[in-house]
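Novice: Build me a model from this:
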Amino acid sequence: MATNPHRVVIVGAGFGGLEATYRLTGAPVEITLIDRRNHHLFQPLLYQVATASLATSEIAWPIRHLMRDRREVTTLFATVSGVDAERRCVLIDDGSEVPYDTLVLATGARHAYFGHDEWEAWAPGLKTLEDATTLRRHILVAFERAERETDPKRRAARLTFVIVGAGPTGVELAGTIAEMAHHTLPADFRNIDTHKARVVLIEAGPRVLAGFPDELSAYAQASLEKIGVEVVLGQAVTEINREGVVFGGKLLEAKTRIWAAGVRASPAAEWLGAPADRAGRMQVEADLTIPGHPEIFAIGDTVSINAWDGKPVPGIAPAAKQQGRHVAETIKARLRGAATGPFRYKHSGNLAQIGKRLAIIDFGKVKLRGTIAWWIWGIAHIYFLIGLRHRLSVALSWLWIYSRDQRAARLITQGSSKVV
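Specialist: Coordinates of the predicted model:
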């Protein structure tokens, strides 16, 4: 007598969700992969779209295309609004439901403004392709507006770029914007000197890249300052408005403000009434299941777990991929009736780019910085891209930027040339 395949629903086609899907190849399961966007996004390079180094198509892939040869996988372009754990159904915002036997929540994270959600209107963050193209427009339009501005004070405000938060995203954005102003754009304009653009990186903590060792953090700060970034440490932003950013009790007038200071997990914990930390990350069991619900797994930025020698697992792509792999192996073991074990995270190192020729890498005992670290950073990122065409395209784009200081994706979209 034939039995129905085990129904696995995976919510989120990021690094963790996609890895779980791949690793379930050949298992006796039917998979439904749900995402509110139709593409998988390589988030570590999202800032390069925002700074006109790469095109959107170079870091994103249609999910349906990725799953085209997987007949057991059904892809749904839909927004999940909740989970009915008692009836084992995923709730879709159009009122429909998707039943499951095993559920994997890989729903990622969103921006966190620390209780000041009104700041989002003035300082957008960077989590999606839409965010990246919006920021690219803000950055490029700032130079265009400055070219037409005759008032020196207003021109200075248009040429001031403030990034709040000195984690990897903030550092990478600040360094790339400064290099655009100093190397890519000077010959393009006639009425302004783009060298005079101010790039200000504000961090409430005592140093940039707090997740790196002190010596690499100090090197990163010195390198940023060398390429023209103003680094402000130990200063919390107290207000963001139409005119600029307030910190240290003073207003810095800036027309371009970017938020890179914090994230909050998706509302998955709220859907299940599960325990969560202050950032909304679910606190899961050792095997990545929800307390009281062994049939529900949560991975990636959705969760908080001390599985790295007793320390919290970092919210980075390799960690999400390892969690997705663990979940898939656990599901397959359960279907075989075999024993399963806890998740253990293996750290491969931290990487951050500072500029087009500078990066830092922390491999634990081995720490690298400078140009050689930049090459390793680039090779590592190209390796994780999907498909030969994308790897070649990104490699050629970077070589062009490296050799000619030109960024080909400087396209302003989503608006007109009207001065505001």
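
Novice: how much space between the residue positioned nearest the centre of the chain and His381?
Specialist: In the chain, the residue lying closest to the centroid (C-alpha atoms, centre = their mean) is Gln43, at 4.1 Å. Distance, Gln43 to His381, by C-beta to C-beta, to the nearest Å: 11 Å. No exception for glycine: its C-beta is placed from N, CA and C like everyone else's.

Novice: before we move on, what about Ala333?
Specialist: As for Ala333, its distance to His381 is 32 Å (criterion: C-beta to C-beta).

Novice: Next, the residue nearest to Leu103 when sequence neighbours are not counted: phi, psi?
Specialist: Nearest non-adjacent residue to Leu103, counting by C-beta to C-beta, 6 or more residues apart in numbering: Ile296, 4.6 Å away. The phi/psi pair for Ile296 (degrees, to the nearest 10) reads phi -120, psi 120.

Novice: okay, now Ile296: neighbour count?
Specialist: Neighbour count of Ile296, defined by other C-beta atoms under 10 Å: 24.

Novice: Now that we're looking at Leu399, what pLDDT does it have?
Specialist: Note on Leu399: pLDDT of 81.

Novice: Same question for Arg404.
Specialist: 69.

Novice: Mind jotting down where the strands sit in the stretch 301-420 of the chain?
Specialist: Per DSSP state E, counting those that start in this stretch, the stretch 301-420 of the chain carries strands over the ranges 303-304, 306-308, 311-312, 350-355, 358-362, 367-370.

Novice: before we move on, the earlier item: any idea how far the residue nearest to the centre of the chain lies from Glu172?
Specialist: 12 Å.

Novice: ok, Val11 - contacts?
Specialist: Contact analysis of Val11 by C-beta atoms under 8 Å, 6 or more residues apart in numbering lists Gly17, Ile34, Asp35, Val80, Val90, Leu103, Val104, Leu105, Ala106, Thr107, Ala268.

Novice: partners of the third one in the sheet?
Specialist: Looking back up the chat, that one is Asp35. Beta-bridge partners for Asp35, by DSSP bridges, are Phe77.

Novice: Next: the fifth one.
Specialist: For Val90, the residues forming beta bridges with it (DSSP bridges) are Val83, Val98.

Novice: what about it, how many neighbours?
Specialist: Residues lying near Val90 (other C-beta under 10 Å) number 24.

Novice: swap in the last one?
Specialist: Other residues lying near Ala268 total 27 when counted by other C-beta under 10 Å.

Novice: any idea of the mean pLDDT for stretch 286-304?
Specialist: Computed over stretch 286-304, the average pLDDT equals 97.

Novice: buried set for it?
Specialist: 287-290, 293, 296-304 (16 or more other C-beta atoms under 10 Å).

Novice: Looking at those, spot the one nearest Glu72.
Specialist: Phe297 (18.6 Å; C-beta to C-beta).

Novice: that's a helix at that closest one, yeah?
Specialist: No - going by DSSP: H, G, I helix; E, B strand; the rest coil, the assignment for Phe297 is strand, not a helix.

Novice: How about the secondary structure of Gln221?
Specialist: Gln221 - assigned by three-state DSSP - is helix.

Novice: which residues of this protein fall in helices?
Specialist: Per DSSP state H, the chain carries helices over the ranges 15-23, 46-50, 63-66, 129-148, 152-158, 168-179, 214-226, 268-272, 317-336, 371-384, 388-404.

Novice: Kindly state the domain boundaries assigned to this structure.
Specialist: Per the TED database, the structural domains of the chain span 6-36+78-111+263-336, 117-261.

Novice: First residue to last residue on the last one, what's the distance there?
Specialist: Start-to-end span of domain 117-261 (C-alpha to C-alpha, to the nearest Å) is 13 Å.

Novice: Check the average confidence over it, would you?
Specialist: 96.

Novice: more neighbours, Ala333 and His381?
Specialist: His381 (21 against 13).

Novice: pretty sure that one is touching Tyr47, no?
Specialist: No - using C-beta atoms under 8 Å, His381 is not in contact with Tyr47; the gap is 11.7 Å.

Novice: on that earlier part again, wait, which of the helices of the chain is closest to Ala236?
Specialist: Closest to Ala236 of those is helix 168-179 (C-beta to C-beta; 14.2 Å).

Novice: which helices and strands sit right next to the closest one?
Specialist: helix 46-50, strand 160-164, strand 198-203, helix 214-226, strand 229-233, strand 350-355 (3 or more C-beta pairs under 8 Å, 6 or more residues apart in numbering; DSSP states H and E).

Novice: now that helix: how far from the chain's centre is it?
Specialist: Centroid displacement of helix 168-179 relative to its chain, using C-alpha atoms, centre = their mean, to the nearest Å, is 14 Å.

Novice: Just the residues contacting it, thanks.
Specialist: Contacts of helix 168-179 (C-beta under 8 Å, 6+ apart): 47-48, 50-51, 53, 126, 139, 161, 163-164, 166, 197, 199, 201, 203, 208-209, 211, 220, 223-224, 227-229, 258, 260-261, 352-356, 358, 405.

Novice: Sort out which of these are buried, if you could.
Specialist: 47-48, 50-51, 53, 126, 139, 161, 163-164, 166, 197, 199, 201, 203, 208-209, 220, 223-224, 227-229, 258, 260-261, 352-356, 358, 405.

Novice: quick one, what contacts Arg87?
Specialist: Contacts of Arg87 by C-beta under 8 Å, 6+ apart are Pro99.

Novice: Same question for the one 4 residues further on.
Specialist: When the contact criterion is C-beta under 8 Å, 6+ apart, the partners of Leu91 are Val80, Ser81, Gly82, Val83, Asp84, Glu97.

Novice: how about 10 Å then?
Specialist: By C-beta atoms under 10 Å, 6 or more residues apart in numbering, the residues touching Leu91 are Val80, Ser81, Gly82, Val83, Asp84, Glu97, Val98, Trp271.
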